[in-house]
Each structure stands twice: as C-alpha cells, then as structure tokens.
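> Please find the sequence and the predicted model below.
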Amino acid sequence: MEHTLSSGLYIVATPIGNLGDITFRAVEILKGVSAVACEDTRVTGKLLHHLGIKQKMIRYDDHAGEGDRERLLALMESEPVALVSDAGTPLISDPGYRLVKIARERGIPVTSLPGANAAVMAMTLSGLPNDRFLFAGFLPNKAKARETVLADLAKVPATLIFYETAPRLEDSLEAIGSVLAGREVSVARELTKKFEECRTGTPENLIAHYTAHPPKGEIVLMVGPPGEEPIGEIDVDALLRAELAQAKPSQAASSVAKATGLDRKALYARAMELK
C-alpha cells in the first residue's frame, strides 16, 4: 500500500470457493499487516501462496483460549493484524466475536473489509423475498432442538437463512416440511465453484431430488417467509392432508398451527373431519 498500516485489527473476507473473489483492498491489507490470524494455517497458507504473499500466520479458531486471545490483542496494540476465516466473511458462524468485542472495549482500532459471503450470495440467487431476511446460523443437530428452533422462528416475517452440511440436509428439510408447512424452500450449494447450484421448491420435492442425487459441499438453506394474506380453507385443507399422510390429527394440527398462526383447536377439528 502507499502508506504503512496503522496498528489494530483488520477483518478480511476471503473467497468462499473461486479464488478470484477477493478484493484488491484485501490483498493490499494482507500484504501490509504484521500477522494474519486464521482458523487453519494450511487453508490460509494456500490462499496467501496463490496471491504471492509471504506472511506470518497465527492460528486462532474455536479452540483458542484466553492466552491466545491476549497475545493477539497485545500485538494489535502496536502492529496491524488481519483476521480471516477459512472462507468468507469472518465472524459469520466463525470464531472472532470475543476478539473483536475485547479489542473495541480496549480502544484498539477495528476495520472490516467487505467481501464474499455465502448467505447473501445464496439469498440473491434463490428467488425468495429478499427485502427482509434473518440469518440464523446452523440448525441444531438433534431433531427436537431443530424443531424447537424452527417453531420459534415460524412467525418471523422474513426469509430465513441457515448454513447446513450435506449429511444433515435431508433431516433439516424434513423438519422444515413438518414445522413450516407450505413454505417455499431453496437450497444453494457449491457457491462460486464449478458445480454451483441453487434449487427452489417444496421440502418434499427437494428431499426427493437430493435423495436421488446426494449433495456434496457446504450448503445454504433458505425458507420463504410466512404468507402475508390469511390462508384460505382450501390451502389449510391441503396442508392438513399433507400432514395427515404421516402424522396423527393432533400432530398435524400442531404443525399447521405453527406454520400459519391459525388456531390449533380449529385445525384439529378440521383434521378429524378430513381423516
């Protein structure tokens, strides 16, 4: 860069797949800092090598302790230090929150550079409403906890965005189909890479597709917002029939109630009529 970097923390977004997706500014910052704090020195080392940068790397991941954090903070007080994740924007489902929080509390300058982000890219590809969206990280591993989280988010008037792994995709789609019945869902995977894909449909259709074509890579899972207009009787009947195909009337009523906000008792009575 034309001038020496000031001391402090520089949060630098890195490519999520295609190595061309790094900004000129990010390259200059990575060249100018005294050290790069990263999740995995092997991953970051490959990126730096690709960019022709030789730089000191310091491992800072989910397992970093207070001593590791204090050493980084001490370095930032007198030297410029970059923070990167293995891919994408640091702190978005990645370590670094505490480091930034304490740095700010101690008056250490913090600068963040815009760059690649899988959640935002997937949102733009999905075709789902994007005037309001909520990023909710990863869904829980256990089925009950996963359903609880989805139920808590059911009435949020926004498109929901989750990160997911390929082995758990089917379980998450099944939970969405049960708890958020009637919602449009989008699956984006391998973003910026050769086999990039964004597929939108019902949970059932997506499950059928990915059962026949097991996915690989990291996934962004999106769920459309609840409908703005009240759901009519025909739509309610369709939702209840879909649930009744695999659940008892009481369970079907509960699922549809969570997804629509309609009265569970009334839905149960209708479910009994349809059964």
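Right, received. Where do you want to start? All of these numbers come straight from a predicted model, not from anything done at the bench.
> List the contacts of the spatially most central residue of the chain.
For the chain, the residue nearest the mean C-alpha position is Tyr163 (3.4 Å; C-alpha atoms, centre = their mean). Counting by C-beta atoms under 8 Å, 6 or more residues apart in numbering, Tyr163 makes contact with Ser93, Ala118, Ala119, Gly137, Phe138, Glu218, Ile219, Val220, Leu221. (Each C-beta comes from the backbone N, C-alpha and C, glycine too.)
> neighbours around the closest residue to the fourth one other than its chain neighbours, how many?
So that's Gly137. Sequence neighbours aside, Ser93 is the residue nearest to Gly137 in space, at 5.2 Å (criterion: C-beta to C-beta, 6 or more residues apart in numbering). When neighbours are counted by other C-beta atoms under 10 Å, Ser93 registers 15.
> gap between Ser93 and Thr44?
Per C-beta to C-beta, to the nearest Å, Ser93 is found 17 Å from Thr44.
> re the thing from before, what kind of secondary structure is the residue nearest to the centre of the chain in?
Assigned with DSSP: H, G, I helix; E, B strand; the rest coil, Tyr163 falls in the strand class.
> That one bridge partners, please.
Counting by DSSP bridges, Tyr163 forms beta bridges with Phe138, Val220.
> Start the count at 19 instead of 1 going forward.
Shifting the count to begin at 19 puts that one at Tyr181.
> What distance do you get for it to Ala161?
18 Å.
> where does this structure have low pLDDT?
Counting by pLDDT under 70, the chain contains low-confidence ranges at 19-21, 246-253, 279.
> can you pull out the helices in it?
Taking DSSP state H as the test, the helices found in the chain are 42-50, 59-68, 84-94, 115-123, 136-144, 161-171, 187-197, 221-230, 251-262, 267-278, 282-292.
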